[in-house]
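1. with the input below, show me the fold.
(one chain, ligands or ions: 2)
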Amino acid sequence: MPVGKFLVQRLRVPTILHGISRSASSGSMVISDPLNFWSARRVKLNDTAKTEAVYEPATGRLLCQLQHCGEEEVNQAVSNGHSAFGVWSKMSGMERAKVMLEAARIIERRREEIAEVEVVNNGKSITEARLDVDSARLCIEYYAGLASTLAGQHVQLPGGSFAYTRREPLGVCVGIGAWNYPLQIAAWKSAPALACGNSMVFKPSPVTPVTAVLLAEIYVQAGAPSGLYNVVQGGQETGMLLCYHPSVAKVSFTGSVPTGKKIMEMAASGVKPVTLELGGKSPLIVFEDSDLENAVRGALMANFLSQGQVCSNGTRVFVQRQILPQFLEEVVQRTRAIQIGDPLLEQTRMGAVVSRPQLEKVLGYIRQAKEEGARILCGGEPITPADPKLKNGYYMSPCVMDNCTDNMTCVQEEIFGPVMSVLPFDTEEEVLRRANDTTMGLAAGVFTRDVKRAHRVVENLQAGTCFINNYNITPVEVPFGGYKASGIGRENGQVTIEFYSQLKTVVVEMGDVDSLF
Ligand SMILES: NC(=O)c1ccc[n+]([C@@H]2O[C@H](COP(=O)([O-])OP(=O)(O)OC[C@H]3O[C@@H](n4cnc5c(N)ncnc54)[C@H](O)[C@@H]3O)[C@@H](O)[C@H]2O)c1
Ligand SMILES: C[N+](C)(C)CCCC=O
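-> Ligands and ions are numbered 1, 2, ... in the order given. Here you go, the predicted model:
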């Protein structure tokens, strides 16, 4: 990692963020401005609004108070979205691209400060947060590039008549996000939506409400019409108001499977299309002929990014029995070496879990795994870093477990924390059956030097995204999404245009009407 380069950029950036005072050190950022956003500005709700405390995971300190939107505010945001849609949907793709590219340019310029805010709100390391900001920017750039390519077909009909199709936007799209990739999720949803000519009302997770609003300000600064991308804050109630809203054309959701099912039911009542990016319990298969060094690196990337709070994580690591001892030795050694601590420090590779309840939940899974017979090879303990300002933060050591079996809770359920379960296997046929034996199917990975086996295995894996000899790489040019209960639709790549637009067929008669009556 070119840490030196990052450091230089960090020192160069301005230190003032709208409504946020900071100095690049955990425990010092203050967020005072309202976090709801429509009419091209931050909106303070009246004092009767429901509020919720938001914490800094690194220190456990109160970061801000979130005001939840109710029916009146959701109506205002959707109505703003509607007004913007009237303007934006009539602009050419090139005109829309210009605004989006300007937004991308602003994000690039403000990379460091945005990444720092993400760290303070989410707890992930600054190194990872920078990559998330890059992914958000790249996604906006990518869809800006596609905006002017949206086109229909011309179809010749008898007698000189013809038909054509128009690819049209849907209207006001709702985005609802999870807390693990707050800015990236907001960008992965808004970029294709806006490129297609839609407007968006986005609701971040109430745990991580801050950076989605920065994106809203950036779109406005880039020249977006007022109301093009709005942010309403809140939890389940606010989300439900959005899903049921009669003026909302589509819901794009990222979150857990149980919530995804509810979203689908609510959208069904209004016959609205949904994109669902849900959870996973993905397999990573390591064959005995793998490049062991790369397989170990891949297993770490598959389990410990973002404190293990990654939907696509390969948390069921199947290792062919012949190489199990060497694999475990290497994985454990490297896991023990992961630097845990203040997520704003350059050397930190694992920051804080997002919240106290999430930390307790993850530790609870580890306790249960032990009771069910798993052996803890390293980690799995709460940690109190030496720095006194971090003493109330939500830290734990990354955990590797073996002696796992397919029926254990830790192997069946999404833990969403830094916990790797290792399972031995003997044959390709056996591992495929076991890898697919789950209701979910977000991602999967295979490490092998045998190119034929690699492709044969991925062909038979029931997962929307498969990695060969790597893991958790998600370039914005390629589709990302799940099979089975892990989701519906895709994000990223050209195909996502289909999920944010609709086709209108126009039939043109050039002769007389040939009436049967
Ligand atoms: N597939 C993906 O791309 C992807 C990416 C990131 C996270 N995830 C998944 O997200 C989950 C973790 O995130 P989470 O805990 O924030 O998920 P969650 O399902 O609890 O919440 C997600 C969002 O839904 C909102 N919400 C909750 N109940 C709602 C309701 N009844 N109606 C409308 N909105 C409602 C929440 O406020 C939040 O904004 C994990 O399962 C993870 O795998 C998936
Ligand atoms: C960029 N990652 C690490 C693959 C995360 C994708 C989004 C899932 O949580």
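
2. who touches stretch 134-153?
-> 92-94, 96-97, 100-101, 103-104, 107-108, 111, 164-167, 183-184, 186-188, 190-192, 194-196, 215, 474-477, 492, 494, 497, 501, 503-504 (Cβ atoms under 8 Å, 6 or more residues apart in numbering). Just so you know, the C-beta spots here come from the backbone N, C-alpha and C atoms, and that holds for glycine as well.

3. which of those are buried?
-> Buried members of the contacts of stretch 134-153, scored by 16 or more other Cβ atoms under 10 Å, are 93, 96-97, 100-101, 103-104, 107, 111, 167, 183-184, 186-188, 190-192, 194-196, 215, 474, 476, 492, 497, 501.

4. may I ask which helix or strand encompasses the residue in the chain positioned nearest to ligand 1?
-> Closest residue of the chain to ligand 1, Cβ to the nearest ligand atom: Gly239 (2.2 Å). In the assignment (DSSP states H and E), Gly239 maps to helix 236-244.

5. how far away is Val411 from ligand 2?
-> From Val411 over to ligand 2 the distance is 20 Å, taken as Cβ to the nearest ligand atom, to the nearest Å.

6. right, and the helix or strand after the helix or strand containing that residue?
-> Here Val411 sits within helix 409-412, counting by DSSP H and E. Counting by DSSP H and E, the next helix or strand C-terminal to helix 409-412 is strand 419-425.

7. how distant is the following helix or strand past that following strand from the center of its chain?
-> Next along the chain after strand 419-425, taking DSSP H and E as the criterion, comes helix 428-435. On the basis of Cα atoms, centre = their mean, to the nearest Å, helix 428-435 sits 29 Å off its chain's mean C-alpha point.

8. circling back: report the angle between whichever helix or strand comes after the helix holding Gly239 and helix 236-244.
-> The helix or strand immediately downstream of helix 236-244 is strand 248-254, counting by DSSP H and E. Using axes from the mean of the first three to the mean of the last three Cα atoms, to 10 degrees, the direction of strand 248-254 lies 130 degrees away from that of helix 236-244.

9. and ligand 1, is strand 248-254 touching that?
-> Yes - using Cβ under 6 Å from any ligand atom, strand 248-254 comes into contact with ligand 1 via Thr254.

10. which residues sit against that strand?
-> 78, 170-178, 185, 189, 193, 198, 201, 242-243, 259-260, 263, 266-267, 270, 272-278, 311, 489, 491, 499-500.

11. narrow these to just the buried residues.
-> Buried among those by 16+ other Cβ under 10 Å: 78, 170-178, 185, 189, 193, 198, 201, 242-243, 259-260, 263, 266-267, 272-278, 311, 489, 491, 499-500.

12. when you check ligand 2, which of those turn up near it?
-> Cys311.

13. just the buried ones among the contacts of strand 248-254: which are in helices?
-> In this view, these that belong to helices under DSSP state H are 78, 185, 189, 193, 242-243, 259-260, 263, 266-267, 499.

14. which among those residues are in contact with ligand 1?
-> 243, 259, 263.

15. and the helix holding Gly239, what other elements does it pack with?
-> The contact analysis (3 or more Cβ pairs under 8 Å, 6 or more residues apart in numbering; DSSP states H and E) places helix 236-244 against helix 71-88, strand 172-176, strand 199-203, strand 248-254, helix 257-269.
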